[in-house]
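>>> Only the shape, not the letters, is given here:
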């Protein structure tokens, strides 16, 4: 058996296995290892929760827009409540606390 043949069939796979056996624990317990992965998973969960919350808010706002577009009384209520508008025939009294 030639020495090159021994190296290719025995020593090289054992060397790769040895390097993997040493490097995997180092990678797992390093600052960029499992703790970083757990942190990223928690951040992903928070982000998914925030996306769900914002999506629900968008649905609510779209429903409100449709309601305002269809109902003239809602348009008036929004104009009064949010914009402070009044009719020309109304008189506004302001009272200070």
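In hand now; what should we look at? Bear in mind that the values here come from a model prediction, so they are computed numbers and not experimental data.
>>> buried ones in the strand or helix carrying residue 39?
Taking DSSP states H and E as the definition, residue 39 sits inside helix 34-70. Of all the residues in helix 34-70, those buried under the rule 16 or more other CB atoms under 10 Å are residue 68. C-betas here are computed from N, CA, C, even on glycine.
>>> following that helix, which helix or strand comes up?
Next along from helix 34-70, by DSSP H and E: helix 72-83.
>>> Can you give the contact residues for that next one?
The contact list for helix 72-83, computed with CB atoms under 8 Å, 6 or more residues apart in numbering, reads 67-68, 85-86.
>>> Now do it against helix 34-70, angle only.
Angle between the axes of helix 72-83 and helix 34-70 is 120 degrees (criterion: axes from the mean of the first three to the mean of the last three CA atoms, to 10 degrees).
>>> residues of helix 72-83 that come out buried?
For helix 72-83, it's none, nothing buried (16+ other CB under 10 Å).
>>> so for it, what's the average pLDDT?
Across helix 72-83, the average pLDDT comes to 84.
>>> Contacts only, for residue 56.
Counted by CB under 8 Å, 6+ apart, residue 56 has zero contacts.
>>> I'd like to know how far it sits from residue 62.
Using CB to CB, to the nearest Å, residue 56 is found at 11 Å from residue 62.
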